[in-house]
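Undergrad: Output the structure for:
(one chain, ligands or ions: 2)
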Amino acid sequence: MSLENFAIIDSTLREGEQFVNAFFTTKEKVEIARLLDDFGVEYLELTSPAASPQSHQDCGIIADLGLRAKTLTHVRCHLDDAKHAVDTGVDGVDVVIGTSSHLREFGHGKSIDQIIDLAQEVIAYLQTQGVEVRFSTEDSLRSDPEDLFRVYETVDAMGIDRVGVADTVGVGTPRQIYELVYALRQRVRADIEFHGHNDSGCAVANAFVALEAGATHIDTSVLGIGERNGITPLGGLVARLYASDPALVAKYDLPRLLEIDQHIAHLVGVDIPFNNYITGFSAFTHKAGIHAKAILNHPSTYEILRPEDFGLTRYIHVAHRLTGWNVIRHRAQQLGLVLADEQIKQVTSQVKTLADSHALTLDDVDSMLYAAHQ
Ligand code: HCA
Ligand code: CU
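TA: Residues are numbered from 1 along each chain as shown. Ligands and ions are numbered 1, 2, ... in the order given. Model prediction:
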């Protein structure tokens, strides 16, 4: 398994714009692009210029910002759309077409042979334009694998830069994604991108196993925003990779994640979920006495992610009935109070008794410690 050489394609400005609450002005798009560029994502994917006149203009504006990240736009597999994409000055074009029977019957109505003809036409054109070219099959997981491989092998033979697997409906399991990407890895020489929706909660795991199976590029969006409940969240992917080896994500400016999550949450009018990876408000809180004691001794006992590496701090919750005397002692030390172990234990049992009848605050605990000190 080689996870070292992967790149993030952040699609907040494409898939993310498909989130129900998302409306980004040009100025906001530029801010988002700069934040993600500062964080260090390798690519930014932008809404198709064919979507609207403003989208067309915005692609050009972001492509011209001189960012470190490469800019991509995302188009349906049509020559006209591909031409619009090239006109904007982006570094690369992501082409997509549905290959599942669902999308072929109820969507564009094309056969696999027609898809292949169209793909060849569009890709051949793009290859003359000096842009990076990616071809992906929408709804890959519900497509016939033989169809998929025939399409991928055709575009690979043309020398395409990257092929994409898209779990458009979020149906794939980690095992299925691993097997599909692994099989594809044996068949094509191009880079492999994975785009996974989160309808059944596997988007982070699926992105991770895609990398283990040989994928080179992962699509993310900030907080995972996208169609329905979205795709692999940037922070979730980072947390997953960091947990395997912090060196994998050392190339990113991790302390910027909080600002990025907060910024997007604000723009789309949602709160960061309490249980969000890294930036959720309870992500680094510890409560039970046994956990808290161990955390005070050595944070790695109950923390796989070091909050300091993300510019964050842990919080140990003291004022509740699951508390323990080690944590109460720690609190006394924070307050500069010197108390004997017996006194600390007495305060602890006082806290537990009171906390049985009503919720306590840290102030309540502090008052008991001050009283014991006198
Ligand atoms: C879409 C579908 C898409 C494309 C993914 C890709 C999906 O909204 O156009 O280009 O790889 O989930 O299939 O986002
Ligand atoms: Cu998608």
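
Undergrad: Helix, strand, or coil at whichever residue of the stretch 201-350 of the chain sits closest to ligand 1?
TA: Per C-beta to the nearest ligand atom, the residue of the stretch 201-350 of the chain with the smallest distance to ligand 1 is Glu227, at 5.8 Å. Any C-beta I mention is one placed from the backbone N, CA and C, and that applies to glycine too. Taking DSSP: H, G, I helix; E, B strand; the rest coil as the rule, one finds Glu227 in the coil state.

Undergrad: quick one: the nearest residue to it once chain neighbours are set aside and Ala265, what's the gap?
TA: The shortest distance from Glu227 to any non-neighbouring residue, by C-beta to C-beta, 6 or more residues apart in numbering, is to Gln18 (4.6 Å). Noted for Gln18: a distance of 17 Å to Ala265, by C-beta to C-beta, to the nearest Å.

Undergrad: Show me the helices in this protein, by range?
TA: Under the criterion DSSP state H, helices of the chain are mapped to 26-39, 53-63, 79-87, 101-103, 112-127, 145-157, 174-187, 203-212, 234-244, 257-268, 289-297, 325-334, 341-357, 362-373.

Undergrad: Check the ones you listed for me: which has the lowest mean pLDDT.
TA: Of all those, mean pLDDT reaches its minimum on helix 101-103 (a mean of 87).

Undergrad: Would you mind naming what in the stretch 151-300 of the chain lies close to ligand 1?
TA: Residues of the stretch 151-300 of the chain lying close to ligand 1 (C-beta under 6 Å from any ligand atom) are 164, 166, 168, 195, 197, 227.

Undergrad: and with 8 Å instead?
TA: 164-169, 193, 195, 197, 219, 226-227, 231 (C-beta under 8 Å from any ligand atom).

Undergrad: Most neighbours out of those residues, which is it?
TA: Ile231 (35 neighbours; other C-beta atoms under 10 Å).

Undergrad: list the contacts for it?
TA: Residues in contact with Ile231 (C-beta atoms under 8 Å, 6 or more residues apart in numbering) are 11, 15, 195-198, 203, 219-221, 224.

Undergrad: what bridges to it?
TA: For Ile231, the beta-bridge partners are His197 (DSSP bridges).

Undergrad: I'd like to know how far it sits from Phe19.
TA: From Ile231 across to Phe19, the span is 10 Å (C-beta to C-beta).

Undergrad: same deal with Leu44?
TA: Here the criterion is C-beta to C-beta. By it, Leu44 lies 16 Å from Phe19.

Undergrad: These two - which one has more neighbours?
TA: More crowded of Leu44 and Phe19, by other C-beta under 10 Å: Leu44, with 28 against 22.

Undergrad: now the helices of the chain in JSON lines, with mean neighbour count and distance to Phe135?
TA: Below are the helices of the chain laid out as JSON lines (neighbours: other C-beta atoms under 10 Å; distance: least, C-beta to C-beta, whole Å):
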{"stretch": "helix 26-39", "mean neighbour count": "18", "distance to Phe135": "24"}
{"stretch": "helix 53-63", "mean neighbour count": "19", "distance to Phe135": "19"}
{"stretch": "helix 79-87", "mean neighbour count": "18", "distance to Phe135": "11"}
{"stretch": "helix 101-103", "mean neighbour count": "16", "distance to Phe135": "15"}
{"stretch": "helix 112-127", "mean neighbour count": "17", "distance to Phe135": "6"}
{"stretch": "helix 145-157", "mean neighbour count": "18", "distance to Phe135": "5"}
{"stretch": "helix 174-187", "mean neighbour count": "17", "distance to Phe135": "12"}
{"stretch": "helix 203-212", "mean neighbour count": "25", "distance to Phe135": "17"}
{"stretch": "helix 234-244", "mean neighbour count": "22", "distance to Phe135": "23"}
{"stretch": "helix 257-268", "mean neighbour count": "18", "distance to Phe135": "29"}
{"stretch": "helix 289-297", "mean neighbour count": "18", "distance to Phe135": "48"}
{"stretch": "helix 325-334", "mean neighbour count": "20", "distance to Phe135": "56"}
{"stretch": "helix 341-357", "mean neighbour count": "15", "distance to Phe135": "60"}
{"stretch": "helix 362-373", "mean neighbour count": "16", "distance to Phe135": "57"}
